[in-house]
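[1] all I have is the shape, not the residue letters:
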């Protein structure tokens, strides 16, 4: 997942990341094919060279070597996102639906009632304003419903041109990267579809773990295997204590 996400990033882009696999993927991209990538941590730290292991996004070891330190709301959200400077924003979630809408707020419990989580933070701003968003999450049927239980961060809303009609300036979700493959979106209907399968995974396996139809099976590429150098960087340099890649 980290390598597949890293391959979505391009040299010279500005990317907003949170803690975990998004950060790992961004650092991997910067150490390989995208040396001029500018990494912005969601709390307002710009272009750090982290010392591992860090224990959270507020750990100063994560900020080492940064070119700028502002704040989450004033820096990342106002000065960077709202000025249209972010090329790619990473999102995670409890649920993502067929149009790339993300829920990080609440889910219904099987026995009744609702379980509440952290909510938006800066995720709604990222989803609304970044030129593209990448969503990274485990692929389970309960996490991929036809419609999210709570719309925290907008994808393509209900499809078609609804996102543009709502006045959202960002380009919307580009890819959903899971442990089974990479999902994209139809350019007209804006519905999710399979873009690539990880090695050893079948189209039927992806559909069985998705709560809505992904359309008819069609030939799609395989995700390239990680190179030896990518694995070395991940295991020995970027996350030697296995905090995120386990």
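    Perfect, thanks for sending it. Note that the coordinates shown come from a computational prediction; the quantities given were computed from them, not determined experimentally.
[2] quick check: end-to-end length of stretch 232-242?
    For stretch 232-242, the first-to-last residue distance is 13 Å (C-alpha to C-alpha, to the nearest Å).
[3] what's it in contact with?
    2, 3, 24, 27, 28, 31, 32, 52, 53, 226, 245 (C-beta atoms under 8 Å, 6 or more residues apart in numbering). To be clear about C-beta, it is placed using only N, CA and C from the backbone, and glycine gets the same treatment.
[4] got it, and stretch 10-21?
    Stretch 10-21 has contacts (C-beta under 8 Å, 6+ apart) with 1-2, 5, 9, 23, 25-26, 33-42, 56-57, 62, 76, 80-81, 85-90, 92, 122, 126, 130, 136, 244-245.
[5] could you give the number of residues near residue 59?
    Residue 59: 15 surrounding residues under other C-beta atoms under 10 Å.
[6] distance from the chain centre to the longest helix along the chain, please.
    For the chain, the helix reaching the highest residue count under DSSP state H is reported as helix 21-31. Once both centres are worked out by C-alpha atoms, centre = their mean, to the nearest Å, helix 21-31 turns out to sit 12 Å from its chain's centre.
[7] check stretch 57-68 too.
    Centroid separation between stretch 57-68 and its chain, computed with C-alpha atoms, centre = their mean, is 21 Å.
[8] what do you get for stretch 200-218?
    Relative to its chain's centre, stretch 200-218 lies at 20 Å (C-alpha atoms, centre = their mean).
[9] contacts for the least confident helix or strand in the chain by mean pLDDT, please.
    One helix or strand of the chain scores below all others by mean pLDDT, DSSP states H and E: strand 68-69, with a mean of 83. Under the contact criterion C-beta under 8 Å, 6+ apart, strand 68-69 has outside partners 44, 45, 46, 47, 63, 75.
[10] ok, residue 59 - contacts?
    By C-beta under 8 Å, 6+ apart, residue 59 lies in contact with nothing.
[11] picking up where we left off before, helix or strand right after the least confident helix or strand of the chain?
    Elements were assigned by DSSP states H and E; along the chain past strand 68-69, the next helix or strand is strand 88-91.
[12] just checking, what packs against that following strand?
    strand 14-17, helix 21-31, helix 123-129, strand 132-136 (3 or more C-beta pairs under 8 Å, 6 or more residues apart in numbering; DSSP states H and E).
[13] would you reformat those as CSV and include mean neighbour count?
    Listed next are these as CSV, based on neighbours: other C-beta atoms under 10 Å:
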stretch, mean neighbour count
strand 14-17, 24
helix 21-31, 24
helix 123-129, 23
strand 132-136, 24
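[14] so which of those is nearest residue 100?
    Among the helices and strands packed on strand 88-91, the nearest to residue 100 by C-beta to C-beta is strand 132-136 (6.9 Å).
[15] run through who's touching the helix or strand following that closest one.
    Moving toward the C-terminus from strand 132-136, the next helix or strand (DSSP H and E) is helix 162-165. Surrounding helix 162-165, the residues in contact under the criterion C-beta under 8 Å, 6+ apart are 154, 155, 156, 157, 172, 190.
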